[in-house]
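Enquirer: Model the structure of this input:
(one chain, ligands or ions: 1)
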Amino acid sequence: MFNVNWKRWGLVVSISLVMFLAACGNSNDGSGNDNQEDQAVDYSKEVDYQITGIEAGAGVFQASEDAVEEYGLDGWEVVASSSGAMATALGEAIAKEEPIIVTGWSPHWKFSEYDLKYLDDPKEVFGGEEIIATMVREGLEDDMPEAYQVLDNFNWSPDDIESVMLDIENGEDPEVAAQTWVDENEDKVAEWTDGVDEVDGESIELTYVLWDTEIASTNVVKLALESVGYDVEATALDNAIMWQAVATGEADGMVAAWLPGTHGELYEEYKDQLVDLGPNLEGAKIGLVVPSYMDIDSIEDLTAK
Ligand code: PBE
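Expert: Below is the predicted model:
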């Protein structure tokens with residue numbers, strides 16, 4: 001009995017020693033600031049106290065402004081632009097190995113294209129795992145049961161959406177990229193449309209925002225609806241207007257609801273006026289994103305002006 005216990009302790013001690021030595025080794029790992037356990041560099045000044053944002057109506061933009069406040073980053077600015085401009089700025093900074101902090105989200109092609117990381121968010125301002133949900137207008141189930149069924153069935157994975165996004169990023173027209181994915185994934189599309197009666201050119205209006213994720217998903221759903229006979233129009237709007245359009249019935253539906261955090265306030269505002277068809281994708285996330293070559297891991301490593 002005694003012996004066995006001692007052996008066990010011996011093992012625990014050896015494992016701890018190995019882990020300790022490994023940790024010591026890491027802390028000197030090419031950081032340039034020798035013997036310092038905490039390698040975080042404060043990039044605040046270098047990035048000019050700016051977070052490169054996207055559309056001001058995006059949830060991740062608002063969450064970034066909340067983060068500035070919660071982490072006491074006085075004098076910082078979340079600079080509004082567009083998803084495309086953010087991606088361009090990110091690419092340019094990476095080409096020059098310069099520091100940059102962007103409002104980021106996944107799934108997104110930028111993670112396949114570049115080495116990136118999310119900054120830790122110990123205060124959980126950006127929330128945890130997100131889903132993307134489908135919302136339709138009240139009455140759609142009665143008026144257009146076939147479309148309702150397809151929209152209700154629509155469901156895919158981060159890998160699926162990323163492959164469409166990457167094609168678009170590489171210069172493919174969004175409609176062509178969506179068609180390529182549909183051709184290569186007939187079994188998945190069949191799951192959304194199987195048993196759904198054909199319609200005869202009925203018009204349906206989807207709405208979305210010009211974010212890379214939503215351009216990809218909306219184009220794919222459009223093709224699925226067309227395959228059962230719908231004439232689909234997809235209108236790009238600002239985020240809040242997209243939610244309002246479905247709530248008021250001006251649009252029939254959208255597949256771009258990021259929950260529970262990103263669009264949580266809009267959901268609260270409109271949830272009684274629309275029909276929530278649940279997740280169409282699981283495993284999404286938002287946060288502050290930086291190139292991996294930056295020696296920083298947490299939002300807490302940034303400082304006020
Ligand atoms: N996004 C992409 C959106 C949702 C989809 C993360 C930029 C937002 O922040 O609202």
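
Enquirer: Spell out which residues of the protein are next to the ligand.
Expert: If contact is defined as CB under 6 Å from any ligand atom, the residues of the chain in contact with the ligand are 54, 58-60, 105, 211, 213-214, 239, 258, 262, 286. (C-beta placed from N, C-alpha, C; glycine too.)

Enquirer: Assess the claim that residue 93 and residue 99 are in contact.
Expert: Yes: when contacts are counted by CB atoms under 8 Å, residue 93 is listed as touching residue 99 (7.2 Å).

Enquirer: shared neighbours of the two, which are they?
Expert: Between them, residue 93 and residue 99 share these contacting residues under CB atoms under 8 Å, 6 or more residues apart in numbering: residue 291.

Enquirer: All the strands of the stretch 101-250 of the chain, in order from the start?
Expert: Listed in chain order, the strands found in the stretch 101-250 of the chain under DSSP state E, counting those that start in this stretch are 102-106, 116-118, 130-137, 203-208, 231-236.

Enquirer: Could you single out the most deeply buried of these?
Expert: Taking mean count of other CB atoms under 10 Å as the contact definition, the stretch among these with the greatest mean neighbour count is strand 102-106, which reaches a mean of 25.

Enquirer: packing partners for that one?
Expert: strand 50-52, helix 59-70, helix 83-95, strand 274-291 (3 or more CB pairs under 8 Å, 6 or more residues apart in numbering; DSSP states H and E).

Enquirer: hang on, the earlier thing: want to throw the strands of the stretch 101-250 of the chain into JSON lines with mean pLDDT?
Expert: Formatted as JSON lines, the entries for those read as follows, by pLDDT from 0 to 100:
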{"stretch": "strand 102-106", "mean pLDDT": "97"}
{"stretch": "strand 116-118", "mean pLDDT": "98"}
{"stretch": "strand 130-137", "mean pLDDT": "98"}
{"stretch": "strand 203-208", "mean pLDDT": "98"}
{"stretch": "strand 231-236", "mean pLDDT": "98"}
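
Enquirer: need the ones you listed in JSON lines with distance to residue 245, can you?
Expert: Formatted as JSON lines, the entries for the strands of the stretch 101-250 of the chain read as follows, by distance: least, CB to CB, whole Å:
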{"stretch": "strand 102-106", "distance to residue 245": "22"}
{"stretch": "strand 116-118", "distance to residue 245": "31"}
{"stretch": "strand 130-137", "distance to residue 245": "9"}
{"stretch": "strand 203-208", "distance to residue 245": "5"}
{"stretch": "strand 231-236", "distance to residue 245": "8"}
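
Enquirer: quick revisit: turn the helices and strands packed on strand 102-106 into CSV, including mean pLDDT and mean neighbour count.
Expert: CSV is the format used below for the helices and strands packed on strand 102-106 (pLDDT from 0 to 100; neighbours: other CB atoms under 10 Å):
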stretch, mean pLDDT, mean neighbour count
strand 50-52, 98, 20
helix 59-70, 98, 20
helix 83-95, 97, 17
strand 274-291, 98, 20
